[in-house]
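Colleague: below are the sequence and a predicted model; questions follow.
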Amino acid sequence: MDSISRHEQLLRVFHLIDILFGARQPLTTAELKERLQERGVIDDMSDKSIRRDVEFLERFGYAVKESKKRSPKGVNVQAWAIQPGRGAAELQPPAITLPELLSLAVARDFLTPLAGTVYWRGIAQVIDKLEKVATPELLAYVHEHQEGLVVHPRPTTGKYRSKTLNAVHRAIRGSRELEIRYTGVADRSPRRSVIRPEALVLYDGSVYVAAYRAAAAGRSGRGRDPDAIRFFKLDRVTDARVTSRTFDRGPTPVAELLADSITIFRAAEPPRRYRIRVEPTLARWAVEKPFHPRQRVRRQPDGGLVLEIERAWDGEMLPQLLALGDAVEVLEPADMRDRIADTAAAVAARYAVRPRAAVSRLPASG
């Protein structure tokens, strides 16, 4: 049986567990098939396949009892029910469905950076429920076939201290100011900051605290926009302490603030309108990814695209556009065309004057 067939069978099996536990009387092959179809699990399948799935349950520790039941046509047919016994007396009606189980495997990988927080404890509680439903043999079977879905790159386990994460979470839930020691990119050592955290943002394998800076006593905050939300990378927070001071949450949800961003970039200057020409070679990628979350796509006769983006920040767009090289062309704003041309010329000049001897000293690959 190939990998796809195994996963299809696993999907049916977990729904069969749910169906049989919830049934008040034994169910026939036709009744099991009908209920699987109602759940959208199958379109059609043979009676033989249904019986094979029931045998699968027996093989993995479920006490399936076979009996006879009169069909609507008045014929005695096979029927099944899950009964206590044979080591399965501890099984309880399921508190989790198969879609939840399959999502759990993925969620555990994605939430690994949040180990030790309430979010991670929630995953652990779901696992506890699952263990009350599934037999050890069946859990082992699920684990064996998890290679069908891969999360890459896998987040680092234990990347953040649970004490820090819990402090941030408490501050967010209680709308309390948070005092942190934070090392910015240009800082040599941690600096004290007081922030008003709005949300945790999981982006590109790292956790960020979306927050506004709290106004410091006796300081005007000159040089900074006090109303601009900032994203503090949790890797750089060496200490976090929840204060007793409360604050009113920002008027705009963080998810909405990020709607105009490709990454988690924000800037003090207002966003601008962009029009970008995409060559045919990247046209499909630009639509499927998409390049920008709020782009409008104008398809061109040659297979290329013109992307219209009403709100985008120069500081975010420049590196994204440079990364795509000659596969894209900025049509507007005009001054961004000049900035890209100047940057490209500077890059070309740097490589043009690079000594060949330096290249020969680079270590060989492989």
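Modeller: Okay, I see it. No experiment lies behind these values; they were computed from the predicted model shown.
Colleague: please count neighbours and contacts with C-alpha atoms only from this point.
Modeller: Fine.
Colleague: and the pLDDT for residue 150?
Modeller: With respect to pLDDT, residue 150 scores 70.
Colleague: helix/strand/coil for it?
Modeller: Following DSSP: H, G, I helix; E, B strand; the rest coil, residue 150 is assigned to coil.
Colleague: state the distance from it to residue 49.
Modeller: Here residue 150 is placed at a distance of 28 Å from residue 49 (C-alpha to C-alpha, to the nearest Å).
Colleague: that's a helix at residue 345, yeah?
Modeller: Yes. Applying three-state DSSP, one finds residue 345 inside a helix.
Colleague: and residue 71, what does it touch?
Modeller: residue 77 (C-alpha atoms under 8 Å, 6 or more residues apart in numbering).
Colleague: same thing but at 10 Å, please
Modeller: 28, 30, 31, 77, 78, 79 (C-alpha atoms under 10 Å, 6 or more residues apart in numbering).
Colleague: am I right that the first one is in contact with residue 81?
Modeller: Read that as residue 28. Yes. If you go by C-alpha atoms under 10 Å, residue 28 and residue 81 touch, sitting 9.3 Å apart.
Colleague: list residues touching both of the two?
Modeller: Residues touching both residue 28 and residue 81 by C-alpha under 10 Å, 6+ apart: 66, 67.
Colleague: I'd like to know which helix or strand in this protein has the lowest mean pLDDT.
Modeller: The weakest-scoring helix or strand in the chain, judged by mean pLDDT, DSSP states H and E, is helix 356-360 (a mean of 55).
Colleague: would you mind measuring from the residue in the chain sticking out farthest from the centre to residue 269?
Modeller: Relative to the centre of the chain, the most outlying C-alpha is that of residue 74, 51.9 Å out, by C-alpha atoms, centre = their mean. Remark: distance between residue 74 and residue 269 (C-alpha to C-alpha) = 78 Å.
Colleague: can you verify my assumption that residue 212 contacts residue 254?
Modeller: No. Under the criterion of C-alpha under 10 Å, residue 212 makes no contact with residue 254, lying 11.0 Å away.
Colleague: which one of those two has more residues nearby?
Modeller: residue 212 (22 against 16; other C-alpha atoms under 10 Å).
Colleague: now do the helix or strand harbouring residue 55: which elements does it pack against?
Modeller: Using DSSP states H and E, residue 55 sits within helix 47-59. Judged by 3 or more C-alpha pairs under 10 Å, 6 or more residues apart in numbering; DSSP states H and E, helix 47-59 is in contact with helix 3-22, helix 29-38, strand 64-70, strand 76-82, helix 136-144.
Colleague: now do the strands in the stretch 151-300 of the chain.
Modeller: 176-182, 191-203, 206-213, 230-233, 237-246, 272-278, 296-299 (DSSP state E, counting those that start in this stretch).
Colleague: so which bits of the last one are buried?
Modeller: This points to strand 296-299. Counting neighbours by 16 or more other C-alpha atoms under 10 Å, one finds that the buried residues in strand 296-299 are residue 297.
Colleague: just the second one next, same as before
Modeller: When neighbours are counted by 16+ other C-alpha under 10 Å, the buried residues of strand 191-203 are found to be 194, 195, 196, 197, 198, 199, 200, 201, 202.
Colleague: and the spatially most central residue of the chain, how far from residue 350?
Modeller: The chain has residue 110 as the residue nearest its centroid, 5.8 Å off, counting by C-alpha atoms, centre = their mean. Distance, residue 110 to residue 350, by C-alpha to C-alpha: 40 Å.
Colleague: with residue 260 instead?
Modeller: Plainly put, residue 260 is 33 Å away from residue 350 if you go by C-alpha to C-alpha.
Colleague: so the two - more neighbours on which side?
Modeller: residue 260 (21 against 10).
Colleague: residues in contact with the more buried one?
Modeller: Residue 260 neighbours (C-alpha under 10 Å, 6+ apart): 266, 271, 292, 293, 294, 295, 309, 310, 311, 312, 313.
Colleague: now for those residues: which two are most distant?
Modeller: Based on C-alpha to C-alpha, the longest span within those runs between 266 and 295 and measures 17.6 Å.
Colleague: so where's the stretch 1-150 of the chain uncertain?
Modeller: 1-7, 84-103, 105-106, 109, 116-119, 124, 127-149 (pLDDT under 70).
Colleague: try 90 this time
Modeller: 1-25, 29-30, 32-67, 69-78, 80-150 (pLDDT under 90).
Colleague: I'd guessed residue 166 sits against residue 240; true?
Modeller: Yes. Applying C-alpha under 10 Å, one finds residue 166 in contact with residue 240, separated by 9.3 Å.
Colleague: which of the two has more neighbours?
Modeller: Taking other C-alpha under 10 Å, residue 166 and residue 240 do not tie; residue 240 has more neighbours (21 against 18).
Colleague: give me the beta-bridge partners of that one?
Modeller: residue 180 (DSSP bridges).
Colleague: how much space separates it from residue 114?
Modeller: On the measure of C-alpha to C-alpha, residue 240 and residue 114 end up 16 Å apart.
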